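Undergrad: Everything below, folded, please.
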Amino acid sequence: QAAARIYPADWRGHNNAGCILLSQNKVNDASAAFEKADAAKSSASTKNNLGVVAGLKGDWAKSEAFYKEAGSLSEAVYNLGALYIKKGDYPNAVASYGSANTFNAALAKLLNGDKEGALRTIDGGADASTAMGYYLKAVISARMGNQAAITENLSKAFSKDPSLKNAAKEDKEYVKFKVD
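TA: Predicted structure coming up:
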């Protein structure tokens, strides 16, 4: 905030202040800071950050427009994919993630009906051996009807995060399967 006050024409101070305010869940204050940053110098970063704020305020159309204005900025592309998942627009989410091997890219493929692609994607990325990665692989396995893989992946997920055991007990993905 001091940098923004001393150098009001430099977008970086406003943008950085907005990021800190956003991390403190001060969405309206962050929005004002990002608007000042964008007014000082419109950039892919400021458009992405304005998209984040619009999304948090529930204005998905505005959020999507800002992400698109941010262009190929990796954070904006990722955020756009996440927005498409929230909107239930799975084909566009898959397209947005492209060849990324991330949890959300795998989720988008699964929700779009590509179980094998989802499994390849999660296995090809850094999330493959995380608790949530194993949990997603268990969900994929359930949709593929593979009881052994469900058990194996849930066991690994539970060993990394025991709280997931309670989630699995309530998860409709496993209704057809006995999951202990």
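
Undergrad: where's the spatially most central residue of the chain, which helix or strand?
TA: Most central residue of the chain, judged by C-alpha distance to the mean C-alpha position with C-alpha atoms, centre = their mean, is Ala82 at 4.6 Å. With elements delineated by DSSP states H and E, Ala82 resides in helix 74-87, which encompasses its position.

Undergrad: Same question for the lowest-mean-pLDDT helix or strand in the chain: list its buried residues.
TA: For the chain, scoring each helix and strand by mean pLDDT, DSSP states H and E identifies helix 2-6 as the least confident one, at a mean of 88. Applying a neighbour-count criterion of 16 or more other C-beta atoms under 10 Å, one finds Ala4 buried in helix 2-6. Using the backbone N, CA and C atoms, a C-beta is placed for each residue, glycine as well.

Undergrad: What is the subsequent helix or strand relative to it?
TA: Toward the C-terminus, helix 2-6 is succeeded by helix 11-23 as the next helix or strand (DSSP H and E).

Undergrad: So which elements touch that following helix?
TA: Where contact means 3 or more C-beta pairs under 8 Å, 6 or more residues apart in numbering; DSSP states H and E, helix 11-23 is packed against helix 2-6, helix 27-40, helix 44-56.
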